[in-house]
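>>> Build me a model from this:
(2 chains)
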Amino acid sequence: MILDGKCPTGPIEKTWDKHRFDLKLVNPANKRKYKVIMVGTGLAGGAAAASLGELGYNVEAFCYQDSPRRAHSIAAQGGINAAKAYPNDGDSIYRLFYDTIKGGDFRAREADVWRLAQVSNNIIDQCVAQGVPFARDYAGYLDNRSFGGAQVSRTFFARGQTGQQLLLGAYSALSRQIKAGTVKMYNRTEMLDLIVIDGVAKGITVRDMVTGEIRAHMGDAVCLATGGYVNVFYLSTNAMGCSVTANWKAHKKGAYFANPCYTQIHPTCIPQTGDHQSKLTLMSESLRNDGRCWVPKKKEDCGKHPNEVAEEDRDYYLERKYPSFGNLAPRDIASRAAKEQCDDGRGVGPGGRGVYLDFSASIKRLGEHTIKERYGNLFEMYEKITDENGYKRPMRMYPAPHYAMGGLWVDYNLMSNVPGLFVLGEANFSVHGANRLGASALMQGLADGYFVIPYTIGGYLAGIKPGDYSLDHAEVKKSIEDVKATNNKMFALKGKKTVSEIYRALGKVMWENVGMARSDASLKEALKEIPKLREEFWTNVNISGEGGELNQQLENAGRVADFLEFAELLSKDALTREESCGGHFRVEHQMPDGEAKRNDADFCHVAAWEFKGVGKEPELHKEPLKFDNVHLAVRSYK
Amino acid sequence: MSDHNSNTMNLTLHVWRQKGPNSPGKLETYEAKHISPDMSFLEMVDEVNETLIKKGVDPIAFDHDCREGICGMCSQVVNGVPHGGQDRTTVCQLHMRSFKNGDNIFIEPWRATAFPVIKDLVVDRSALDTIIQSGGYVSCHTGGVADGNALLIPKPEADYAMDAAECIGCGACVAGCPNGSAMLFTSAKVAQLAVLPQGKAEAAVRVNAMTEALKDCGFGNCTNHYECQASCPKGINVKFIAKLNREYLKAITN
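The predicted structure is shown next:
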């Protein structure tokens, strides 16, 4: 089937304005009659729940954490982009649009990206109004910096904690609506199924993580703002609780999964120290503004103290390979370049898996004080984890899975192919194409939540009768029974392996075969190994305790069970996409100089997969991508 | 992969175990063996949990999520000190290199009237949400706000607001306070919004509502012990409590 994103046509500059006008409106007095279910309360979900509550809709919001203030959006460090052009350096909405399309390696929809760039400015204003303490200069104006992949300074920031401050802004708006009674908040509650009645999304089945109660919540529309899935690699920069579960349950109920193979490996993370490692810590790529990446030219220098490697024996490989972007090359390019150096035997630190990020030149030029003011908290964090002082010796960095560009397929209104199911933020696939640029995730989450869904969901709700659902429906009872049965099945296994052991094994298979560089052989190997691990999980896992209480093993087991199914789809998508683009690098498809080689003739489309059963061949649907404004070109950062 | 640092250590843990909110709890003793100094404290607990699961013992329940010191979910009192007492460090960022072979380590939940225990080391901190809901925001609607540069904010004030806004809402200040007070938490939000022009309009209403909520939630009063600042993993300064008191005085005398 050929999918239609229902994007507005005509001059790109007018698309969003025209579409907003064309959308039907819900009468203000009728809004409270509609109930919206919001799953996830990070930047996208928190902003959406607050904004819909302000409009007068009746919202029920859910998060697995003990408070909506803790969603993983909070960990974003570097900043948020906007086309304000305050520094007078040639930025514009069009340039932000252009950079995002190009940065995504021409695998995103033009209309969606245009809208993102257009509303980016509203986001900054909104956050300032909420009291988000963005960095300011001495005259009191908002400060900007440049950020990975951009040649203009369009990134707004709040020290190294921009995600935290933006999330706390959304959380404050959400808190205000909770107080006002328009939003009912359910903390420590995890969605475990989507309820679809006569083909339309009408509710969710959840588990209360404190009492273990399994129950359904019904509404006129369901929004998933449930984040990304790179914890499929086990070790990633995501929080421990991040999972594909909500998205995967929706996928199993009919929602198409788009481009699951587009995963972002972030170039600057603190390297792993041992097998005990539970997660990887990202260091903002803003560090690359003042830090220089290098490895020793000679393998025998790798064991030396970095300060003892002579200047002429250092290979500043990003500056060498990409003279115009240098250390600011986009994430996918910087990550692959780091891996190449390490694969060449010139990596540093434990296992040779690391490159240096060196601040000595900047410290000499600007003084330690300035570097401290810019990145103090990052240097502190680095020292806590590694016991090394980044001011005195170069930091060690290695790439780590960080972000999922793929996600559930949505149309221009952010609605999936299942009517009534909307998907926001990282959980959808819409704007980043095959690679996300730095400081764009926060922008997308807040754009979807504050400025897109409040309009587009109205267009859907205006066309349906409010309250057209019932907890007594057979589908609701079946969904609750299915969730209970799955949990009981897991408890009954009483096997020999812990959930973590199988999860680690899955992560290893995924990182080695489906990680930064993928080949036909490695992907086939993954597709052979994943079903074996799934089989082992469902015969040999051991979960103690009971379902009717707080049980973290059960929570984790459910998430790992879903990753064990999803991993296969991700690998399948990577195998099917016979090209290299953005974060998806197939070793068979590269230029003579090792750069990614796209195949626009055959793969300039969104790959949206339909679920056909566990272990069964999924069905591929394509949405062709058209580029009317940005000329399809080879992405070059040289 | 071999461990970065091969000098592993053996430790004895004394961990608070409590089946549910209404069950009695007690300290149980477990051995933590072959612990690498490069492990984080929570990774050490993960390892102990793996051995407990293998032995058929219910693993230790504890809150955690980002494991990089920003989400505020982790909450353990280690050797009597919230987050373990390392300067500006959450327990998820505390590393085992700060312990030595043979150490006894006591691990307990946040203890405060306003934070009932749910299970083991997991407590209910929803009272902190209630405080924010009472007024910890600027009452602006989405859309229709002024340009971000319309109101200039001098750098010192922006920096002051940011210093306060760094609070991660973990509740260590409450756990560290002999009175179980959430004054540092509340004052950080009051101060952040009171200093910014966007938040000034509601400053009086806000400080009244938030201090009222503080009482209603069962938190104790502040008697200037400053244990909160010492416990805070983000180094939130007690000067914000002085700011809250000043704002409160302004509010009730106007």
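
>>> Looking at chain B, which residue is nearest chain A?
With Cβ to the nearest Cβ as the measure, B:Leu152 is the residue of chain B nearest to chain A, at 3.1 Å. In this view, the C-beta of every residue, glycine as well, is placed from N, C-alpha and C.

>>> The spatially closest residue to that residue that is not a sequence neighbour: neighbour count?
Leaving aside its chain neighbours, B:Leu152 sits nearest to A:Gly140 (3.1 Å; criterion: Cβ to Cβ, 6 or more residues apart in numbering or on different chains). If you count neighbours by other Cβ atoms under 10 Å in any protein chain shown, A:Gly140 ends up with 16.

>>> May I ask you to confirm that A:Gly140 is in contact with B:Ala150?
No. Assessed by Cβ atoms under 8 Å, A:Gly140 is found out of contact with B:Ala150, at 10.9 Å.

>>> before we move on, back to that, how about the residue of chain B closest to chain A, what does it touch?
A:Arg136, A:Ala139, A:Gly140, A:Tyr141 (Cβ atoms under 8 Å, 6 or more residues apart in numbering or on different chains).

>>> count of residues packed around the nearest residue to A:Met591 once chain neighbours are set aside?
Take A:Met591 and drop its neighbours on the chain: the residue closest to it by Cβ to Cβ, 6+ apart is A:Lys597, 5.3 Å away. Counted with other Cβ under 10 Å, residues neighbouring A:Lys597 total 16.

>>> show me what contacts the spatially most central residue of chain B?
In chain B, the centroid-proximal residue (Cα atoms, centre = their mean) is B:Cys170; its distance is 2.2 Å. The contact partners of B:Cys170, by Cβ under 8 Å, 6+ apart, come to B:Gly72, B:Met73, B:Cys74, B:Ser75, B:His83, B:Thr90, B:Pro233.

>>> wait, is it part of a strand?
No. Secondary structure of B:Cys170, determined by DSSP: H, G, I helix; E, B strand; the rest coil: coil, with no strand assignment.

>>> my guess is A:Arg504 meets A:Phe233, correct?
No. Shown here, A:Arg504 and A:Phe233 do not form a contact pair, counting by Cβ under 8 Å, at 10.7 Å.

>>> tell me the SS of A:Lys202?
strand.

>>> what's in contact with stretch B:212-228?
B:112-114, B:127, B:130-131, B:133-135, B:172-174, B:176-184, B:186, B:236, B:238, B:241.

>>> where are the low-confidence patches of the chain?
With no chain named, the answer covers chain A. Low-confidence segments of chain A (pLDDT under 70): A:148-149.

>>> I was thinking of chain B, sorry if that wasn't clear
B:1-6.

>>> now the helices: where do they sit in it?
Assigned by DSSP state H, the helices in chain B fall at B:41-54, B:126-133, B:155-165, B:172-176, B:183-195, B:197-200, B:203-216, B:227-231, B:239-253.

>>> What is the burial count for A:Gly227?
Neighbour count for A:Gly227, taken as other Cβ under 10 Å: 31.

>>> I'd guessed it sits against A:Glu426; true?
Yes. In this structure, A:Gly227 is within contact of A:Glu426 by Cβ under 8 Å, at 4.9 Å.

>>> Tell me who's in contact with A:Trp248.
A:Asp562, A:Glu565, A:Phe566.

>>> For A:Asn122, give me its contacts.
A:Tyr450, A:Phe451, B:Gly143.

>>> Weed out the non-buried ones from those residues.
Buried by 16 or more other Cβ atoms under 10 Å in any protein chain shown: A:Tyr450, A:Phe451, out of these.

>>> Format the contacts of B:Cys170 as CSV; extra columns: neighbour count and distance to A:Arg288.
Converted to CSV, the contacts of B:Cys170 look like this (neighbours: other Cβ atoms under 10 Å in any protein chain shown; distance: Cβ to Cβ, whole Å):
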residue, neighbour count, distance to A:Arg288
B:Gly72, 27, 28
B:Met73, 27, 29
B:Cys74, 26, 29
B:Ser75, 26, 34
B:His83, 26, 31
B:Thr90, 31, 26
B:Pro233, 27, 27
